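Asks: The sequence and its predicted three-dimensional model are supplied below.
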Amino acid sequence: MSFVTIYFYVVTSCDPPEWPSNGYINCDKSEVLAGTICRVRCSPGYKLDPDISTMKCVKKGTRASMNVPTPNCKGW
């Protein structure tokens, strides 16, 4: 008698974060999988509010989401 072992690997991904007005987001992978870090930047003359420049896709049970909401880019 022989046995076969089957492994399942579930890839968990986040929805791509929405770019802030007057700014952009650059993620370290083209697909936003759990563990992916995204950097938020503002156009010249704007600053992050709140001052959060990185976001991370984190797994929560069987789902994944960004660990913080996308900050805004406000003029100063």
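Replies: Happy to help now that I have it.
Asks: Tell me the bridge partners for the nearest residue to residue 66 once chain neighbours are set aside.
Replies: With sequence-adjacent residues excluded and distances taken as CB to CB, 6 or more residues apart in numbering, residue 66 is closest to residue 55, at 4.8 Å. Backbone N, C-alpha and C define where each C-beta goes, glycine included. On the basis of DSSP bridges, residue 55 is bridged to residue 38.
Asks: For the protein, give me the ranges with low pLDDT.
Replies: For the chain, the stretches with pLDDT under 70 are 7-11.
Asks: Let me see the contact set for the closest residue to residue 23 other than its chain neighbours.
Replies: Spatial nearest neighbour of residue 23, excluding adjacent residues (CB to CB, 6+ apart): residue 73 at 3.7 Å. With contacts taken as CB atoms under 8 Å, 6 or more residues apart in numbering, residue 73 has the following neighbours: 20-23, 42-43, 46-49.
Asks: Could you do residue 19 as well?
Replies: The neighbourhood of residue 19, defined by CB under 8 Å, 6+ apart, consists of 25, 70.
Asks: three-state assignment of it?
Replies: coil (DSSP: H, G, I helix; E, B strand; the rest coil).
Asks: From residue 12, how far out is it?
Replies: Here residue 19 is placed at a distance of 23 Å from residue 12 (CB to CB, to the nearest Å).
Asks: do the same with residue 75
Replies: For residue 75, the distance to residue 12 (CB to CB) stands at 37 Å.
Asks: more neighbours, those two?
Replies: residue 12 (16 against 9; other CB atoms under 10 Å).
Asks: still on that earlier bit, so which of the contacts of residue 73 sit within strands?
Replies: Among the contacts of residue 73, DSSP state E puts 23, 42, 46-49 in strands.
Asks: Quickly name whichever of the residues you listed is closest to residue 61.
Replies: Within the ones in strands among the contacts of residue 73, distances to residue 61 taken as CB to CB reach their minimum at residue 48, with 29.4 Å.
Asks: Would you agree that closest one is in contact with residue 68?
Replies: No - judged on CB atoms under 8 Å, residue 48 makes no contact with residue 68 at a distance of 11.2 Å.
Asks: higher neighbour count, these two?
Replies: Legend: neighbour count by other CB under 10 Å for residue 48 and residue 68, higher for residue 48 (17 against 14).
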